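Chemist: sequence plus the predicted model coming up.
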Amino acid sequence: VWEDSPLVRSMTRGRILVVDEFDKAPVEVVCVLKGLLEDGEILLADGRRFVSAKSVLYDLAVDPTGPEGDKATFLRIHPEFRVIALANRPGYPFLGNDFFAEMGDVFACHAIDNPDQASEISLLRAYAEDVPATTIRKLTAALVDLRKLNDDGLLAYPYSTRELVNIVRHMSRFPEDSMDVVLQNVFSFDSYDDGLLRMLHDVF
């Protein structure tokens, strides 16, 4: 059975396609999507060619949802089709492609920073209402310090809200566990680096 992918369905129906972890996409995928977004054309393996108003072939194309769409070779991309791509910054620890260098010119790019401490506290309370507010406040303060060390080049890993969510969810499900046990569950990989372990110990 030949089934249209989310990309094709988005192009024909005017939907928003969300691509997560775009920096992990292989080069051939990046090339195809860049051609689609920059030149307004994409050729599929089944012989169909989708074109947007950017393409010189647009006037030859037909509406894929119309009566001629089933057998047409040239098909129009819906004018409301959009792509939202999420990507990590290049380098360690993500080790993906430099998405901005390759695709930044075809997107309206926005750098999303970590949430501020008050927003992070509110988010964590939604995950674990039974964890004391003072504990959550201390944990978020510690992560603020860790991120500052990362910005200063002293820590390689940019600890994120993901780690905090894992910590408070653990505390909510296993309230009898000590803070040592809870933190080891998140930072166990870092225990192999004595210098990093000492830095984490000082922060917490």
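Modeler: That came through, no problem.
Chemist: what are the buried residues along the lengthiest helix in the chain?
Modeler: Longest helix in the chain, counting residues (DSSP state H): helix 133-151. Residues of helix 133-151 classed as buried under the neighbour-count rule (16 or more other C-beta atoms under 10 Å) are Thr135, Ile136, Leu139, Thr140, Ala142, Leu143, Asp145, Leu146, Arg147, Leu149. Glycine gets a C-beta too; all of them are placed from N, C-alpha and C.
Chemist: now the most centrally placed residue in the chain. Nearest residue, chain neighbours left out?
Modeler: Centroid check for the chain by C-alpha atoms, centre = their mean gives Leu86 as the closest residue, at 3.8 Å. Closest residue to Leu86 apart from its sequence neighbours, by C-beta to C-beta, 6 or more residues apart in numbering: Asp20 at 4.9 Å.
Chemist: now the one you found: how far from Thr135?
Modeler: According to C-beta to C-beta, to the nearest Å, Asp20 and Thr135 sit 31 Å apart.
Chemist: kindly report the same for Val182.
Modeler: 10 Å.
Chemist: which residues are in contact with Leu75?
Modeler: Leu75 makes contact with Thr12, Arg48, Arg49, Phe50, Val51, Ala61, Val62, Asp63, Pro64, Gly69, according to C-beta atoms under 8 Å, 6 or more residues apart in numbering.
Chemist: for it, grab phi and psi.
Modeler: Backbone dihedrals for Leu75, given as degrees, to the nearest 10, come out at phi -120, psi 140.
Chemist: next: the one 5 residues further on.
Modeler: Comment: the main-chain dihedrals of Glu80 come out as phi -90, psi 0, following degrees, to the nearest 10.
Chemist: wait, it sits on Leu17?
Modeler: No: using C-beta atoms under 8 Å, Glu80 is not in contact with Leu17, being 11.5 Å away.
Chemist: contacts only, for the residue nearest to the centre of the chain.
Modeler: Val18, Val19, Asp20, Glu21, Phe22.
Chemist: repeat that for 7 Å
Modeler: Taking C-beta atoms under 7 Å, 6 or more residues apart in numbering, we find Leu86 in contact with Val19, Asp20, Glu21, Phe22.
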